[in-house]
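Chemist: I'll drop the sequence and a predicted model, then ask my questions.
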Amino acid sequence: MHSIFLQNIVLLIFINILVKPLWIFGVDRNVQNILGAATYGEYFMLFNISVLFTIVMDMGIQTYIATSFSKDHGLYYKKLFTLAVIKLVWAVLFFIITFGFALFVYKQSINYTLLTLLCINQIFASFIMFIRSVISAHRYYRIDNLLSACDKFIMLLLGAYFVYIVQNITIPLYVIIQTIAYGVTLIISFIILWYKNGSFVFRFDSSNVKSIFLQVLPFAGIVFIMSFYSRLDTVYIYRLVHHADHEIGIYASAYRLYDSASMIGVMFASLLLPMFSSIVKNQIETSKLITMGLKILFLITVGLFAFSIASLDSLYLLLFDNFPNEQRFIIPILCAALICLGFMQVLGSLLTAHGHTWSLLRFMLSGLVVNFVLNICLTSKMGIMGTSICVLLTQSYIALGMYIITYQKMRYVINKLLLVRSSIYLFVMISASYLFMLVGLPWIICLALLMMLAISSSIWLNIIGWKELQLMRPQ
């Protein structure tokens, strides 16, 4: 299981590093610079509204598939169609709730046509994840890895055409490009599922609905709370900050990088969840796998945090036109939160696979309250700088709480020597990045030096051993 995880996570990261940075830096950045912070800020606010209630379409179904289908592949034929119909009904409910929320909070001040398109995009994306969870549960990890970047690859091609060749793009066209990409990826995903697993029973089994609902309920609660507090930022800014559209646009500039980088943790979680579920009774193997996941994700997220410090000046010049100097520390703060978020995603997968969802749900509720109080106190006084600090503090609180729950329920303890080595690695990376910032090295040189330092120091400190490096080689 170690070698399967390492080989697939390397492939997954490699594919997404190839595609997603090109989308962010090559297309998304230019769209924002062409349209301006205020116009892009309106789009980003609508995007967050469309994302806010996506949990209604999932309600824990994907997590249920990852944990249950990986243990019993026969459920594919018995329950998949029933789950798909339930998901379709919930998609309609998602539309109703999203528009109800938008009308209640924003009245007539937003573009509802654009919001409709964004909601369709979320439905397509949710069904893609639904199919991918089935593919992953059947251990077709490499196919799942390729599908993870398929939509962004199509968006990249279409977006680059309009930005660089046509040299004309609007927000509606930008959203339609995303719709086409999600639609094509959904069709490809379904064809692959059908080809790999064969047909399933096209029969809606109403007797399964109640049992399925009770099983997915705790999963739904966890995902809902996490998506809710992570997407309410723009609502707080809209209500608590002056010149909200412009401020949201600036915050969106930083948050899009944080959001994209957080997908690394999502990749780990999506890969680890079915693996944890398949070895749930093997405590030793589970302990080794969770330690491996935490180590690799820690090395990556600390590296990203260090890079955001080292390139504090040159990175902003590369990313943004007219980025306010007083807000320049937002990205390093958000990148620091990535370290905690990585712990949350890996430990959350472990607790979910082992059935400790109710304990996790109760704690996540307290995280929602903490996030609300912090935003009221900080966002109202410090603006979007306060919002980014709220993200860091909330993620830190939840990461610590999850570790405590993991210890209480499973007696999992991070090795003390590993903690010392990891702390030294963190100190080395931050010190080096601060030095690079003072020297004023170009961002590309900072990136190369930090990558070499990260690899060499992690091997020298024995955080990643030679045996683990050998396991990464394809068999």
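Modeler: Right, received. Where do you want to start?
Chemist: quick one: low-confidence residue ranges for the stretch 251-400 of the chain.
Modeler: 277-285, 315-327 (pLDDT under 70).
Chemist: hmm, I typed the wrong one, I wanted the stretch 51-200 of the chain.
Modeler: 60, 67-79, 197-200.
Chemist: just the strands in the stretch 151-300 of the chain please.
Modeler: Here the stretch 151-300 of the chain has no strands by DSSP state E, counting those that start in this stretch.
Chemist: for residue 386, which non-adjacent residue is closest in space?
Modeler: Spatial nearest neighbour of residue 386, excluding adjacent residues (CB to CB, 6 or more residues apart in numbering): residue 378 at 3.3 Å. C-beta here means a position set from N, CA and C on the backbone, and glycine is covered the same way.
Chemist: run a quick neighbour tally on that neighbour.
Modeler: 19 (other CB atoms under 10 Å).
Chemist: my guess is residue 248 contacts residue 44. True?
Modeler: Yes - taking contacts as CB atoms under 8 Å, residue 248 lies within contact range of residue 44: 6.0 Å.
Chemist: of those two, give the one with the bigger neighbour count.
Modeler: Per other CB under 10 Å, whichever of residue 248 and residue 44 has more neighbours is residue 248, with 28 against 21.
Chemist: chain neighbours aside, what residue packs nearest to the more buried one?
Modeler: Using CB to CB, 6+ apart, the closest residue to residue 248 is residue 41 (4.0 Å).
Chemist: so which helix or strand takes in that neighbour?
Modeler: helix 37-52 (DSSP states H and E).
Chemist: flag every buried residue along that helix.
Modeler: For helix 37-52, a neighbour-count test (16 or more other CB atoms under 10 Å) marks 37, 39-52 as buried.
Chemist: now do stretch 452-466
Modeler: Going by neighbour count (16+ other CB under 10 Å), the buried part of stretch 452-466 is 453-454, 457-458, 461, 463-464.
Chemist: with stretch 22-32 instead?
Modeler: Result for stretch 22-32 [16+ other CB under 10 Å]: buried residues 22-24, 27-32.
Chemist: so which of these are in helices?
Modeler: 29-32 (DSSP state H).
Chemist: can you redo those residues as JSON lines with distance to residue 424 and pLDDT?
Modeler: Shown next, in JSON lines, are these (distance: CB to CB, whole Å; pLDDT from 0 to 100):
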{"residue": "29", "distance to residue 424": "35", "pLDDT": "75"}
{"residue": "30", "distance to residue 424": "40", "pLDDT": "80"}
{"residue": "31", "distance to residue 424": "41", "pLDDT": "82"}
{"residue": "32", "distance to residue 424": "39", "pLDDT": "77"}
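Chemist: nearest to residue 343, of the residues you listed?
Modeler: residue 29 (29.1 Å; CB to CB).
Chemist: output stretch 439-449 as CSV - backbone C-alpha positions only.
Modeler: Provided in CSV are the C-alpha atoms of stretch 439-449 (Å, rounded to 0.1, in the frame of the first residue of the first chain):
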residue,chain,number,x,y,z
VAL,A,439,18.6,39.7,-1.1
GLY,A,440,15.8,40.2,-3.6
LEU,A,441,16.4,37.2,-5.8
PRO,A,442,14.0,36.7,-8.8
TRP,A,443,11.1,34.3,-8.0
ILE,A,444,12.3,31.6,-10.4
ILE,A,445,15.7,31.4,-8.7
CYS,A,446,14.0,31.4,-5.3
LEU,A,447,11.8,28.5,-6.5
ALA,A,448,14.8,26.5,-7.8
LEU,A,449,16.9,27.1,-4.6
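Chemist: pull the distance from that stretch to the chain's centre.
Modeler: 27 Å (CA atoms, centre = their mean, to the nearest Å).
Chemist: which residues touch it?
Modeler: The contact list for stretch 439-449 (CB atoms under 8 Å, 6 or more residues apart in numbering) reads 307, 310-311, 313-315, 318, 432-433, 436.
Chemist: in the longest helix belonging to the chain, what counts as buried?
Modeler: As assigned by DSSP H, the longest helix anywhere in the chain is helix 244-278. The neighbour-count check on helix 244-278 (16+ other CB under 10 Å) flags 244-245, 247-258, 260-265, 267-278 as buried.
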